[in-house]
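In: I'd like to go over a predicted model; first the sequence, then the structure.
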Amino acid sequence: MDLFDTHAHLNDENYNEDRDEMIQRARQAGIRHIVNIGFNLASSRESIKLADSYDLIYAAVGIHPHDAAEAGPGYLEELEKMALHPKVAAIGEIGLDYYRDLSPRPVQRKVFVEQMALAKKLQKPIIIHDRDAHGDMMDILRKEKLGPSGGVMHCYSGSWEMARELLDMGFYISIAGPVTFSNAARLKDVAARVPRDRLLIETDAPYLTPAPYRGRRNEPAHIQYTAEEIARLRGMEKEDLAKMCAENGRKLFRIA
């Protein structure tokens, strides 16, 4: 299959014992590209190192809302330097998280908007994290506008009505392992309705492991189960769904 895991954290310590083997399993499963995501300056640098080490891995650099309070003076300049690396495909993950509130909400919003502006300056797509912050997220996006390089709402968890507005703004919608859960009726509905040219899939590994491995460590090879469920929901063959989403990912992240 032609698979593209558009969001993973492969520099996570959960892979310290078998990282190379895990990446080889991804290749064997048909994964041709992975975007590895930064969440602060240190992890963004690690993401670039991984991208340099493996041909199928590309990097994203950014400050996650959990880490927004630690974004000190000069952080944007550091991100800009990193983003010039030829294998940095996006600015992310950035956004808002009102579930854990690990950074003050005003600081989250400020750092998010600053990174959106940086992405526009650098002509890079953005990867957005939005958890329990739909209202403020949509208000910011309506005001700040998505840049011409586009963006993706990662691990989508909102309603179809919200997805439709995001699609009108120019966003891609990315679906992760929870779509395989039996109680995910709203997410299944969204996965079935997103237009063909705007749908992405991801693992968010090592998190959000799909059935049948729910509760265990996730890894990119498991994306095939997410693809299989979305294909079922859309009445497609799994291989066709995988290829469609992979082509969308390559277009968004400008990967040949």
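Out: Perfect, thanks for sending it. Treat the numbers as computed from the prediction; the structure is a model and nothing was measured.
In: residues contacting residue 136?
Out: Residues near residue 136 by CB atoms under 8 Å, 6 or more residues apart in numbering: 96, 98, 105, 109. Using the backbone N, CA and C atoms, a C-beta is placed for each residue, glycine as well.
In: farthest pair in the residues you listed?
Out: Spatial extent of those (CB to CB) is set by the pair 98 and 109 at 10.5 Å.
In: same drill for those two, tell me which one is more crowded.
Out: residue 109 (20 against 16; other CB atoms under 10 Å).
In: need the phi and psi values for residue 58.
Out: Main-chain dihedrals, residue 58, degrees, to the nearest 10: phi -120, psi 160.
In: look up which residues are beta-bridged to it.
Out: Beta-bridge partners for residue 58, by DSSP bridges, are residue 35.
In: check the gap between it and residue 48 for me.
Out: Residue 58 sits 10 Å away from residue 48, taking CB to CB, to the nearest Å as the criterion.
In: ok, residue 88 next?
Out: Residue 88 is 7 Å from residue 48, by CB to CB.
In: overlap in contacts of those two?
Out: With CB under 8 Å, 6+ apart as the test, residue 88 and residue 48 both reach 59, 61, 82.
In: by contact count, what packs against the helix of greatest length in the chain?
Out: In the chain, with assignment by DSSP state H, the single longest helix is helix 105-122. Contacts defined by 3 or more CB pairs under 8 Å, 6 or more residues apart in numbering; DSSP states H and E place helix 105-122 against helix 75-83, strand 88-97, strand 126-131, helix 134-144.
In: quick one, what contacts residue 216?
Out: Per CB under 8 Å, 6+ apart, neighbours of residue 216: residue 209.
In: ok, residue 179 next?
Out: Taking CB under 8 Å, 6+ apart, one finds 187, 188, 191, 210, 226, 229, 230, 233 in contact with residue 179.
In: in helices, which of these appear?
Out: 187, 188, 191, 226, 229, 230, 233.
In: highest neighbour count among the residues you listed?
Out: residue 226 (27 neighbours).
In: that residue against residue 204, yeah?
Out: No: at 10.2 Å, residue 226 does not count as touching residue 204 under the criterion of CB atoms under 8 Å.
In: between the two, which contacts overlap?
Out: 176, 177.
In: give me the distance between the two termini of stretch 192-200.
Out: With CA to CA, to the nearest Å as the measure, stretch 192-200 spans 12 Å from end to end.
In: mind listing what's buried in that stretch?
Out: Residues of stretch 192-200 classed as buried: 194, 198, 199, 200 (neighbour count, 16 or more other CB atoms under 10 Å).
In: now stretch 234-250
Out: Using 16+ other CB under 10 Å as the burial criterion, the residues of stretch 234-250 that qualify are 234, 238, 241, 242, 243, 244, 245, 246, 248, 249, 250.
In: looking at those, which is nearest residue 119?
Out: Residue 119 has its nearest neighbour among the buried residues of stretch 234-250 in residue 249, at 17.2 Å by CB to CB.
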